[in-house]
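take a look and give me a structure for this.
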Amino acid sequence: MSDIFISYQREETGGHARGIYRHLTYEFGSSAVFMDTATINPGEKWPKRLETEVNLCQVMLPIIGKRWVKPSLNDVSNWVRNEISSAISNRKHIIPVLVDGANVPSKDHVPAVLKPMLSRQPVWLNHRDNAAYERDLESLAEKLSAITGSPTKKSTSIIYLRRLPKYAVSGFNFKIYLDDEKLGEISNSQVKKFEISPGRHSMYLQAGTPKFGWFFQSISDKLSFSIKGGETKKFICSANAISKEKIDLDEEFL
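Down below sits the predicted model:
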């Protein structure tokens, strides 16, 4: 089930909902964000799925435009009304998202079951400037990351490590150490991917074990590097062709 539930009125804010869904799935992955038309499978019983997703989500995002207040909200069978009232009853974290220059609706025009939502701090998406709109979406993603505990794509970095197929110490897996903590292992000819935090790091590789003597232990020099959030870097390693006790490790530029 998804951490983030997008609630919207299809006729008025469907376009905004799709844009928000695309941005949040880019940041958190598709499994973390629920939007009915994008998530519910054909033939699935959608009323039950909606109820389940509201009950299990951490955050609800009601998308509110200038014409969000409608007489249909007074209908107890209205799905937007039921989604939000259920989130209120289940004490979900609700963040109203105001679009198209909308303001928080007046309490006088909203059904009693939805009024608690009006006291929740909203966020605004600037619809007049594309760059500002993107910044607002990034800010929303950061807020959601803090609430759900899920990192955004920009708060993580990726490294690839490629081990060249060489005979020397080919029978040993290379142990990968990042900042003196074991990150994983890589076998001969393998490519491994790791997600790490942005910043400055040091990495080295080791193969074999010192208890059998230096001949059975190979180790690289420490390689220092910096990486930004959302950035990908690639590294290449191989056993040194001259000395078995040395592993070559360097950044790969493709």
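
just the pLDDT for the residue positioned nearest the centre of the chain.
By CA atoms, centre = their mean, the chain has its centre lying nearest to F28, at 2.1 Å. The model reports F28 with a pLDDT of 89.

residue contacts, the nearest residue to it once chain neighbours are set aside?
Once flanking residues are discounted, F28 sits nearest to S150: 5.4 Å by CB to CB, 6 or more residues apart in numbering. For glycine as for every other residue, the C-beta is placed from the backbone atoms N, C-alpha and C. Going by CB atoms under 8 Å, 6 or more residues apart in numbering, S150 touches 3, 28, 32, 144.

can you pick out the most distant pair from those residues?
Longest distance between any two of the contacts of S150 is 9.0 Å, between A32 and L144; criterion CB to CB.

overlap of the contact sets of those two?
When contacts are counted by CB under 8 Å, 6+ apart, A32 and L144 are jointly contacted by 3-4, 24, 150.

rewinding a little: which ones are touching the residue nearest to the centre of the chain?
The contact partners of F28, by CB under 8 Å, 6+ apart, come to 3-4, 141, 144-145, 148, 150, 152-153.

ok, now with 10 Å
2-4, 141, 144-145, 148, 150-153 (CB atoms under 10 Å, 6 or more residues apart in numbering).

which one of these has the most neighbours?
Neighbour tally across the contacts of F28 (other CB atoms under 10 Å): the maximum, 27 neighbours, falls on I4.

could I get the phi/psi values of the nearest residue to it once chain neighbours are set aside?
Closest residue in space to I4, ignoring its immediate chain neighbours: V33 at 4.7 Å, by CB to CB, 6+ apart. Reported as degrees, to the nearest 10, the phi and psi values for V33 are phi -130, psi 130.

how close does S30 get to L223?
S30 sits 35 Å away from L223, taking CB to CB, to the nearest Å as the criterion.

please read the previous query as pertaining to K107.
K107 sits 60 Å away from L223, going by CB to CB.

the two: which is more packed in?
It is L223, of K107 and L223, that has more neighbours when counted by other CB under 10 Å, with 15 against 11.

and that one, what does it touch?
L223 neighbours (CB under 10 Å, 6+ apart): 201-205, 235, 237, 249-251.

nearest to V69 among those residues?
Nearest to V69 among the contacts of L223: H201, at 51.7 Å, using CB to CB.

any stretches of the stretch 151-254 of the chain with poor pLDDT?
Scanning the stretch 151-254 of the chain for pLDDT under 70 picks out the ranges 167-170, 208-217, 239-247, 249, 251-254.

switch to 50 and redo it
For the stretch 151-254 of the chain, applying pLDDT under 50 flags the ranges 210-215, 241-245, 254.

give the buried residues for stretch 155-162.
Buried positions in stretch 155-162, judged by neighbour count with 16 or more other CB atoms under 10 Å: 157, 159, 161-162.

ok, now stretch 40-49?
Buried, per 16+ other CB under 10 Å, within stretch 40-49: R49.

no more questions from me, cheers.
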